[in-house]
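>>> Sequence and predicted structure are below.
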Amino acid sequence: MRRLPLALLLISSSAFAQPSPGPQPIPMPPPIAAPQDIPFPGTIVLAVNATDTERRIVTVHETVPVPGGARTTLLFPEWVPGAHSAVNPLPLMAGLIVHGGGQRLAWVRDTVNVHAMHVDVPSGVTALDLDFQYLSPTDDAQGAVSIAPNLMKIDWLQNTLYPAGWFARRIPVDATLTLPKGWRYGVALETASRTGDVVRFKTTTLETLMDSPLIAGRYYQDIDLDPGAPVRVTMAMAADRPEDLVIKPEQLAPHRALVQQAYRLFGSHHYDHYTFLFWQSNTMDGAGTEHHQSSEDGLKPGYFSDWEKNLTERTLFSHEYTHSWDGKFRRHADLWTPSYEVPMRDSLLWVYEGQTQYWGEVLAARSGLYTKQDALDSLALTAATYDLTPGRAWKPLADTTNDPIVNERRPSPWRSWQRSEDYYEEGRLIWFDVDTRIREGTKGKRSLDDFARAFFGIDNGSYVVRTYTFDDVVAGLNAVMPYDWATYLRTRLTTNAPGAPLDGLARGGYRLVYTDKPTAFFKSAEGRLKGVNLSFGPGFGVGREGALSGVIWDSAAFKAGLTNGTKLIAVNGTAYDGDRLKDAVAATAKGVPLELTVRDGDRVRTVKLDYTGGLRYPRLERIAGTPDRLGEIFAPRVK
């Protein structure tokens, strides 16, 4: 540092000793009116035109009743139910023009809540006419593609503005949708009429509308999943090609059995009707999102035609269906919000998603979507994955419930260290532990099934949300079997101890082991990702075109300097090939070194992995002489 003259140092010292006044904050804008549980004065009229499938532009006209002579705040939905976060794509709403009383009115965006647009309404004006577009992405880089040449998904959250100041359940909406010529559609909403390609829906609440997306397609069919029942359960199917809609009887049977097994588990339903909105497409993005009376279930083509190869996809239906009970009807109190500008809090997602993940796997086995062996192999993969998750050392499971808000499901450079929404699968392990603990403690007389029926199965036929707290969960478990469940759950949720919660496996009659041969379920998972999973050996996975899809923190691959995205060029001096890589890893057990030539950008290097364990694949092994409680859990209910 350059030495300053003494006089300058004195000036500088004086300035620090007696600072001049700095900037002060200006006042924040007035707060947006909080939602109130009072009737809305009128009905919103919403008209959505989705005929421009070439440019993927949805055109919206909306009429919103307003009090004249006052400022009205219009809101674009922000916090998305089912996503547990603020992910509704505001930049894709464009072209907003507001009219009132026959004149165009100016609108101004709130500088704090940018989802809010303020309009000063002249005296005597009783309604605003809104015109805007939703610009569906034309490429995956812009967001989820929801409109394709032969099918589409319409999400009302992306095509509606609503006035601030009311609970969503208090705002009536009359909605119409104009479809491409001749297209058919599936939705949980009740249809009032269809004239040509204009569909008019019965008046409903904003809450129900936002929770009822629609799929439509040129190639479409409805499948009845509960023939003859007074409450309809259907699968609405759309696809790029008509051949993807062909379902064989032996494939239909377990989907129908799923409905019956869910009824036998919960002893109730919480919908007037239920619709699986199922699409298969290479051009429209996939999805798995729950709604109270429907679910979004989107996959790549081949679910039916490549049935054996799509083993890992089959719990999509059982998981999302379970959410009608766990997550939509029963919802933790800090997640439920009265409207879509109010932030959600995700503290109990280990129940909402974790127990749903548990029941999704169990119901898949009970309905025949899985065999018992499939269910055991799936559980082995989950147990092994979370048993080697080093991120537990600093981040407890409870904190992963914040991940939808913190990370918004963006790709992670070090997934095993950062952790990401582990409340799903590690939560599933906790509920296996709870179930086997109850079965053991009651000598098989009671189980988690009893909790599910008593907690989620109440108020048969009602779909008015019932909220709950941590204490309610504890009380529900104690009603099944008295135990210190509060301490048990808090310990599981807050521990930083290494290793996954695997007590439920041993109590269920199995232990986690590793062999050099993958299970059929493991092979299916690899095939779905079109890669090679060596996470349990040298500690990395390889995706398409040889790019590393993940590196386990502190593994042999990590210590060799490999990272997510590194391109694998050669294995032991020979061009990369998936089978060749597996052969080379297998040879490490015989002392053969493993050398990988990789490229990071323009840099090419060869690294040697300090690894001698060969191929390692997880599976569950029966513990001789113990009760097969896992087998009991996966067995179909007969009543």
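Cool, got the structure.
>>> only C-alpha atoms for contact and neighbour calcs from this point on.
OK.
>>> how near is residue 287 to residue 522?
Distance from residue 287 to residue 522, counting by CA to CA, to the nearest Å: 22 Å.
>>> How about residue 638?
Residue 638 is 30 Å from residue 522, by CA to CA.
>>> Have a look at those two and say which one is more surrounded.
Using other CA atoms under 10 Å, the more surrounded residue of residue 638 and residue 522 is residue 522, with 22 against 8.
>>> For that one, which three-state class applies?
Assigned with DSSP: H, G, I helix; E, B strand; the rest coil, residue 522 falls in the helix class.
>>> Could I get the buried residue list for stretch 432-451?
By 16 or more other CA atoms under 10 Å, the buried positions in stretch 432-451 come out as 432-440, 446-451.
>>> Ok, stretch 68-77 next?
Neighbour-count burial for stretch 68-77 flags 68, 72, 73, 74, 75, 76, 77 (criterion: 16+ other CA under 10 Å).
>>> what about dumping the CA coordinates of it to PDB?
Extracted C-alpha coordinates of stretch 68-77, given in PDB (Å, rounded to 0.1, in the frame of the first residue of the first chain):
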ATOM      1  CA  GLY A  68     -65.200   1.400  -9.900                       C
ATOM      2  CA  GLY A  69     -63.200   4.400  -8.600                       C
ATOM      3  CA  ALA A  70     -60.600   2.300  -6.900                       C
ATOM      4  CA  ARG A  71     -57.200   0.700  -7.500                       C
ATOM      5  CA  THR A  72     -57.500  -3.000  -8.400                       C
ATOM      6  CA  THR A  73     -54.600  -5.400  -8.200                       C
ATOM      7  CA  LEU A  74     -54.400  -8.300 -10.700                       C
ATOM      8  CA  LEU A  75     -52.200 -11.300  -9.800                       C
ATOM      9  CA  PHE A  76     -50.500 -13.900 -12.000                       C
ATOM     10  CA  PRO A  77     -50.400 -17.100  -9.900                       C
END
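>>> and for it, what are the contacting residues?
Contact partners of stretch 68-77, identified using CA atoms under 8 Å, 6 or more residues apart in numbering, comprise 32, 66, 88, 90, 115-126, 157-158, 160-164, 340-341.
>>> Any of those residues buried? List them.
Buried by 16+ other CA under 10 Å: 32, 66, 88, 115-119, 121-122, 125-126, 157-158, 160-164, 340-341, out of the contacts of stretch 68-77.
>>> which helices and strands does whichever strand or helix holds residue 295 pack with?
When elements are assigned from DSSP states H and E, residue 295 belongs to strand 294-299. Applying 3 or more CA pairs under 8 Å, 6 or more residues apart in numbering; DSSP states H and E, one finds that strand 294-299 makes contact with strand 273-280, strand 287-290, helix 315-322.
>>> Make TSV out of the ones you listed and add distance to residue 172, mean pLDDT and mean neighbour count.
Converted to TSV, those look like this (distance: least, CA to CA, whole Å; pLDDT from 0 to 100; neighbours: other CA atoms under 10 Å):
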stretch	distance to residue 172	mean pLDDT	mean neighbour count
strand 273-280	20	98	25
strand 287-290	22	95	19
helix 315-322	27	98	24
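>>> any idea which element residue 67 lies in?
Under DSSP H and E, no helix or strand contains residue 67.
>>> and the residue lying closest to it once chain neighbours are set aside, how far is that from residue 40?
Closest residue in space to residue 67, ignoring its immediate chain neighbours: residue 126 at 5.6 Å, by CA to CA, 6 or more residues apart in numbering. Using CA to CA, residue 126 is found at 13 Å from residue 40.
>>> got it, and residue 407?
Remark: distance between residue 407 and residue 40 (CA to CA) = 36 Å.
>>> the more surrounded of the two?
When residue 407 and residue 40 are compared for neighbours, residue 40 comes out ahead with 19 against 13, by other CA under 10 Å.
>>> residues in contact with the more buried one?
By CA under 8 Å, 6+ apart, the contact list for residue 40 reads 166, 170, 171, 172.
>>> would JSON lines of the residues you listed with secondary structure be doable?
Converted to JSON lines, the contacts of residue 40 look like this (three-state DSSP):
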{"residue": "166", "secondary structure": "strand"}
{"residue": "170", "secondary structure": "helix"}
{"residue": "171", "secondary structure": "coil"}
{"residue": "172", "secondary structure": "strand"}
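>>> What is the nearest of these to residue 153?
Minimum distance to residue 153 across these is 22.6 Å, recorded for residue 172 (CA to CA).
>>> Number of residues surrounding the residue nearest to the closest one when sequence neighbours are not counted?
The shortest distance from residue 172 to any non-neighbouring residue, by CA to CA, 6+ apart, is to residue 205 (4.5 Å). Close neighbours of residue 205, defined as other CA under 10 Å, add up to 19.
>>> Stretch 616-633 - what's its average pLDDT?
Taken as a whole, stretch 616-633 has an average pLDDT of 98.
>>> Next, the buried residues of it.
Buried residues in stretch 616-633 (16+ other CA under 10 Å): 616, 617, 618, 619, 620, 621, 627, 628, 629, 630, 631, 633.
>>> any chance of these in a markdown table, plus distance to residue 382 and secondary structure?
A markdown table is the format used below for the buried residues of stretch 616-633 (distance: CA to CA, whole Å; DSSP: H, G, I helix; E, B strand; the rest coil):
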| residue | distance to residue 382 | secondary structure |
| --- | --- | --- |
| 616 | 14 | coil |
| 617 | 12 | strand |
| 618 | 9 | strand |
| 619 | 10 | strand |
| 620 | 11 | strand |
| 621 | 15 | strand |
| 627 | 22 | coil |
| 628 | 19 | coil |
| 629 | 18 | helix |
| 630 | 15 | helix |
| 631 | 17 | helix |
| 633 | 17 | helix |
